[in-house]
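Chemist: Next comes the sequence, and after it the predicted model I'd like to discuss.
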Amino acid sequence: MRITAFLDIPGQDNLTPLARLEKYAFSDNIFNRQIIARGLLDVFRDFSNNEEDFLTVMEIVVRLSEDAEPTVRTELMEQIPPIAIFLQESRPNFPTAFSEYLMPVVVRYLTDPNNQVRKASQEALLILLEQELIAQHDIENKVCPILLDLSCPDSDDEYKVEAVNIICKMASMVSKTTVERMLLPRFCELCGDGKLFQVRKVCAANFGDICNAVGQEATERFLIPKFFELCSDSVWGMRKACAECFMAVSYTTSPEVRRSKLSPLFINLISDPCRWVRQAAFQSLGPFISTFANPSSAGLYIREDGTLSIRSLAQDTSASRPCPVDDNANIMSSRLEQPSENKLEMVKEPAAETNHLSCAESLRTGLKEDGCGNSGADLIRLSQSDNIAACVREGIKECQGNHCHGENSKVQSAEDVFNSFLYWRAPLPYISQDLVLLQSKTEKRGDGCSMAEVLCNNCVASSDIKKVLETLQEHMDYPDVQAQVQVLSAALRAAQLDSVSDYETKHPEESSGPLQEEKSSSDINSATAKENILSSLSSQEDLTNQSSPRIMNSEEHQNGTGEILTKEQENNPHHEDDKSKLQDIIPQPLLDQYLSMTDPARAQTVDTEIAKHCAYSLPGVALTLGRQNWHCLKDTYETLASDVQWKVRRTLAFSIHELAVILGDQLTAADLVPIFNGFLKDLDEVRIGVLKHLYDFLKLLHADKRREYLYQLQEFVVTDNRRNWRFRYELAEQLILILELYNPNDVYDYLRHIALTLCSDKVSEVRWISFKLVVAILQKFYGNKANGLGLNFINELIVRFRHCPKWVGRQAFAFICQAVVEEECMPIDQFVEHLLPSLLSLACDPVPNVRVLLAKALRQTLLEKAYFKSIGNPHLEAVEETVLALQSDRDQDVSFFATIKPKRNAVGTTVLEKPT
């Protein structure tokens, strides 16, 4: 019944419905006015067909909006959004009517003296903006001006807080140009409001939304300076709010700003004297690190269904360089594909997976292809200062060892390097055409090389370094680039001075004469140049204190870095331990702080659940670092896996399958399988995390390793609490998926026993899902031509269920037979030979519940199959006789289900209908 139905009842006043509406809308009784305001949507529906009546109702609404009673105004404002939606759908002149009559009411109520009315108007405004019911003209000329007036410096404090809150929330609902032109200046002004800290707190809490609304350029130009001010605010609540939205701010900035400005700022928040600020910062540390993720270095992509997957070998060969890969950084082919539980990704085409080579080898491949012609320009075009710094430094180290292996490479297209739909932030720079900073471009070419050839090769390398120096000049504003100029200069000198000594090493018999006299001075100069390189590297570390140290990969450790490592080890006896934590993906201080989250002292000084936050974000951090840097996280992961808090271990158990996709099969087998085995023996609260994604994890293992878990699967049947039936229910669901991972013999020897055990569970839900598992096992046998195993299993089912002394077992047999026919998991001739006789014998069962399920199986399933509809079928007569017997059963439910027949409607769904 409509709220305003009383308007249609003819009364003694003999008024028309419209006149009666006006009478009650301006009645002295507040209740009458509230009823009219609450039923305005029905009123518009009644009078929308007539244009004059429609305008009259609009005028009544405007007059009613001036009611002195706040409850009436509140009721009216709550009806504005549904009225606007109705008018948009049914009125052709909706924009004009809404803008002329209702929009002024919404704007006026933003300044209403009653707090409840203002709250209602603010909610209505946001709904209208979200539904795009307000024209752009009204936004710029009616909504924004009133918000700017309410948020001006001399405005009332309460109005100002409400206005800035609306500005922050509506930023994502209006156009970018409107935000930049009208709202952004006021927002920046409010961020520095020294009068009211509540205003600054609202700005800090919504800072990420504003950054996302205005984009990268405006964020770095206007908002980042304000963000720095808020992060150093004297009120700890402001700094805490900044820490909470740090990831959203980082999302909209460039890699350079993220690394050089935001990273040191975040370190300051982690070191904040206030415990609540540190707690919020550590909780946001993992998400902030994830904004450094680069899809090309991770070797993973996200499919359309949102699953995390590994790039296939075919895609690798067509989109990435065919270069040798370090064993620890080897990207698997996409035989491993993560199921739909992994919620990471939404991309149409996979981004090109980049086999993570050492920087020096990448540099070599770039020069090999371009012939040292355009490589410098490509580097500057496709990379930024930090990437240049890493690759130049690693290239210099490789150059000092004279271990250079040229490889052909292909230039990745822009789509392969980065797809903007792949990650939730702006693309990171990626070096596609790397430069080789080599003293000698090729390996030793045999004893037949002449001195002229050696000198020519070194000249080419020197020429390459000069080209890099020229292209770096336009990027001298970056501290990293300034340091690299010093490094390259030292490398150039080393390449020139060592050109002769290389030849003399291979051809001492040709080094007599003037060259022999220059050898000692050349060695001295070369050693001096190498020392200059080392000193330049140290100075570059001082200049780029905010950037992370670079880890040397295994190839560098073997080729040409002996001298450097020796000197570093002399100065630092713990160098080997520290080296295992170094990487070049994210600033090293961020990683160090993340790794410290497992320190027991952190739980005392920051947050008792800091280890849980560390475990929660670990897959994202691992994805950012890539499998080649897993050594940085391995110890932390093992520490978390042995944490005394079961909540920490539970968090890891729920995400171990995600981590397995990131690490690949080799690292998974070496590092995750032992932890996975430990989780299998943990508390039920931890085991359920492993169990929910058991199929996902086992799918990633090799067949021989996967087979080791067949016997351990039986341990899931036993739980700490027998009342925890959902644990066993989840086991049955996982076993249905796991069947595809094993051969029929293994299924028969191991999984069959588990399925039959679950079929006799005390909880009905567990039994019914287990019956589906039994059907899936039969389908596995017959689908793989293991008819002998299938027949043995059928005989066991007949003994266990058909002849079960309990009626629930016989009922289960009828359900299994019906499911077997529906799923067509075995040949129909095998079914009628081995199962049908036992099924029909249930017609004489004394329990009506068994006969009911038999009637459903025969009438709704068997008789609908084409096999039983064919004329002359020898089994059709027996089935029909059984159905006729059930139709005359003394139990009404049995006769009902035996009589009705399925009827398919137009969309193909089955409808049960009793025949006439």
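Modeler: In hand now; what should we look at? Numbers count the residues shown, from 1 in each chain.
Chemist: Which of the three states applies to residue 134?
Modeler: Here residue 134 takes the coil state, with states given by DSSP: H, G, I helix; E, B strand; the rest coil.
Chemist: Excluding chain neighbours, what is closest to residue 79?
Modeler: residue 40 (4.6 Å; CB to CB, 6 or more residues apart in numbering). Where you see a C-beta, it was placed from the backbone N, CA and C, and this is true even at glycine.
Chemist: So the one you found sits against residue 76, correct?
Modeler: Yes - if you go by CB atoms under 8 Å, residue 40 and residue 76 touch, sitting 6.8 Å apart.
Chemist: Please enumerate the shared neighbours of those two.
Modeler: In terms of CB atoms under 8 Å, 6 or more residues apart in numbering, residue 40 and residue 76 are both contacted by the residues residue 61.
Chemist: returning to what we had before: what's the spacing between the residue nearest to residue 79 and residue 129?
Modeler: Going from residue 40 to residue 129 by CB to CB, to the nearest Å gives 21 Å.
Chemist: Please identify which of those two sits among more neighbours.
Modeler: Per other CB atoms under 10 Å, whichever of residue 40 and residue 129 has more neighbours is residue 40, with 25 against 18.
Chemist: and the more buried one, what does it touch?
Modeler: 61, 76, 79, 83.
Chemist: Tell me where the model's unsure across this protein.
Modeler: For the chain, the stretches with pLDDT under 70 are 1-14, 93-94, 296-464, 467-468, 471-488, 490-580, 871-872, 902-916.
Chemist: how about 50 then?
Modeler: When residues are selected by pLDDT under 50, those of the chain lie in 1, 12, 312-456, 460, 500-571, 573-575, 905-916.
Chemist: Quick one: the strands in it, in order.
Modeler: Ranges of strands in the chain, per DSSP state E, are 300-302, 308-310, 901-904, 910-913.
Chemist: Neighbours of residue 177, how many?
Modeler: 11.
Chemist: Distance of it relative to residue 750?
Modeler: 64 Å.
Chemist: same thing with residue 709?
Modeler: 10 Å.
Chemist: Which of the two has more residues huddled nearby?
Modeler: Neighbour count, other CB under 10 Å: between residue 709 and residue 750, residue 709 has more, with 21 against 17.
Chemist: who's in contact with the more buried one?
Modeler: Here residue 709 is in contact with residue 698 (CB under 8 Å, 6+ apart).
Chemist: how near is it to residue 746?
Modeler: The value you get for residue 709 to residue 746, if CB to CB is used, is 11 Å.
Chemist: One more: residue 794?
Modeler: In terms of CB to CB, residue 794 sits 19 Å off from residue 746.
Chemist: so where do the helices sit in the stretch 801-916 of the chain?
Modeler: Along the stretch 801-916 of the chain, the stretches classed as helices by DSSP state H, counting those that start in this stretch are 807-823, 828-834, 836-840, 848-856, 866-869, 876-887, 892-899.
Chemist: Might you report the residue contacts of residue 72?
Modeler: 30, 33, 34, 37, 64.
Chemist: swap in residue 787?
Modeler: Contacts of residue 787 (CB under 8 Å, 6+ apart): 781, 830.
Chemist: From residue 242, how far off is it?
Modeler: Residue 787 is 68 Å from residue 242, by CB to CB.
Chemist: got it, and residue 667?
Modeler: Counting by CB to CB, the gap from residue 667 to residue 242 is 36 Å.
Chemist: what's the answer for residue 732, then?
Modeler: 48 Å.
Chemist: out of the two, which sits in the busier spot?
Modeler: A count of neighbours by other CB under 10 Å puts residue 242 above the other of residue 732 and residue 242, at 30 against 25.
Chemist: so who does the more buried one touch?
Modeler: Contacts of residue 242 by CB under 8 Å, 6+ apart are 204, 207, 227, 230, 231, 233, 269.
Chemist: tell me the two of these that are most distant?
Modeler: 207 and 269 (13.3 Å; CB to CB).
Chemist: The two: which has the busier surroundings?
Modeler: Neighbour count, other CB under 10 Å: between residue 207 and residue 269, residue 207 has more, with 26 against 23.
Chemist: Let me have the helices of the stretch 801-916 of the chain in TSV, extended by mean neighbour count and distance to residue 181.
Modeler: Conversion of the helices of the stretch 801-916 of the chain to TSV gives the following (neighbours: other CB atoms under 10 Å; distance: least, CB to CB, whole Å):
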stretch	mean neighbour count	distance to residue 181
helix 807-823	21	62
helix 828-834	17	72
helix 836-840	19	75
helix 848-856	22	67
helix 866-869	13	69
helix 876-887	16	76
helix 892-899	18	70
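Chemist: Just put those helices in JSON lines and tack on distance to residue 104.
Modeler: Formatted as JSON lines, the helices of the stretch 801-916 of the chain follow (distance: least, CB to CB, whole Å):
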{"stretch": "helix 807-823", "distance to residue 104": "62"}
{"stretch": "helix 828-834", "distance to residue 104": "73"}
{"stretch": "helix 836-840", "distance to residue 104": "74"}
{"stretch": "helix 848-856", "distance to residue 104": "64"}
{"stretch": "helix 866-869", "distance to residue 104": "69"}
{"stretch": "helix 876-887", "distance to residue 104": "71"}
{"stretch": "helix 892-899", "distance to residue 104": "63"}
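Chemist: Can you say which of the ones you listed is nearest to residue 49?
Modeler: Nearest to residue 49, of all those, is helix 892-899, at 48.9 Å by CB to CB.
Chemist: what packs against that closest one?
Modeler: helix 848-856, helix 876-887 (3 or more CB pairs under 8 Å, 6 or more residues apart in numbering; DSSP states H and E).
Chemist: Compare the ones you listed and give me the one nearest residue 617.
Modeler: helix 848-856 (49.5 Å).
Chemist: Contacts for the closest one, please.
Modeler: 807, 810-811, 814-815, 818, 839, 842-843, 845, 882-883, 886, 889, 891, 893-894, 897-898.
Chemist: And stretch 599-606, by the same measure?
Modeler: Applying CB under 8 Å, 6+ apart, the external contacts of stretch 599-606 come out as 275, 278, 279, 282, 596, 610, 611.
Chemist: Right, I'll call it a day here.
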